[in-house]
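# Got a predicted structure here, sequence first:
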Amino acid sequence: MEEDYPVVLDEPVKPDQLATCSEGIPRSRRDCLDFHAVSFLRDPLSKMAQLLLDVLQKTISQNQEDQKRALEFLNEASTRDFPAFVKELSVILRSEECQPFARQAAGLQLKNVLYAKEEERRAQYLNRWLALPADIRAQVKILVVQTLGTEPFRPSIAAQCVAAIACAELPSGVGFPLFCFSFLHSIVHIEF
């Protein structure tokens, strides 16, 4: 009997095995993970992810000029290609091969482009998130949930990203039910 929540599969899912509904939301264990969300764990980081990783490392530089340029680059990257930006940030956040501070910086950037305290900006971020293709949103959600319990630091930035996604999707009802199942599954399987 198939389970109704995502699990990490031992072998990569082949593209022809994926069966998603029209909104791009996986419906069962067999199709719960996007091919790229599984395969990246065995593949080196993409060029964009590697570039982002290098820039994220400069955000904690002692050199103020390096920090300033890094933050400007991240701001520009988020506006130039938002779908790729959030996807690659979630890949870095999930990758246990990356330095913990870089993973935390990636999660912080991801949270900050998904949620804002100011109501007007929060509405803009909500619309930008919901305008993403469903497959990108699903992949980001899966990677963020898979990160829970793998972070060596507290508080968990992945949990903050889950909260930011929930703030965007719960009011709109877009794609959140499966996300809740995978989130609950992750909580149950985290060892403390």
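Structure received. Residues are numbered from 1 along each chain as shown.

# Could you use CA atoms for every contact and neighbour count after this?
Noted.

# Could you check stretch 73-83 and say which residues are buried?
Neighbour-count burial for stretch 73-83, with 16 or more other Cα atoms under 10 Å as criterion, is recorded at L74, S78, F82, P83.

# List the ones among the residues you listed that fall in helices.
The members of these that map onto helices under DSSP state H are L74, S78, F82, P83.

# residue contacts, the last one?
Just to be clear, that refers to P83. L132, P133, I136 (Cα atoms under 8 Å, 6 or more residues apart in numbering).

# Out of the residues you listed, list just those in strands.
Among these, no member is found in strands (DSSP state E).

# Please enumerate the helices of the chain.
For the chain, the helices defined by DSSP H cover 35-39, 47-58, 64-80, 82-94, 100-114, 119-130, 134-147, 157-172, 176-188.

# Whichever of the contacts of P83 end up buried, select them in ChimeraX.
Here is the ChimeraX selection string for the buried members of those, based on 16+ other Cα under 10 Å:
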select :136
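
# mind putting the contacts of P83 in TSV, pLDDT and distance to R103 included?
Putting these into TSV (pLDDT from 0 to 100; distance: Cα to Cα, whole Å) gives the following:
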residue	pLDDT	distance to R103
L132	94	23
P133	94	24
I136	94	19
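
# for the contacts of P83, which one is nearest L56?
Of all those, I136 has the smallest distance to L56: 21.4 Å, by Cα to Cα.

# wouldn't that closest one be in contact with K87 here?
Yes: if you go by Cα atoms under 8 Å, I136 and K87 touch, sitting 6.7 Å apart.

# what residue ranges in the chain are flagged as low confidence?
Low-confidence segments of the chain (pLDDT under 70): 1-44, 175-192.

# just the helices of the chain: most buried one?
helix 82-94 (a mean of 24; mean count of other Cα atoms under 10 Å).
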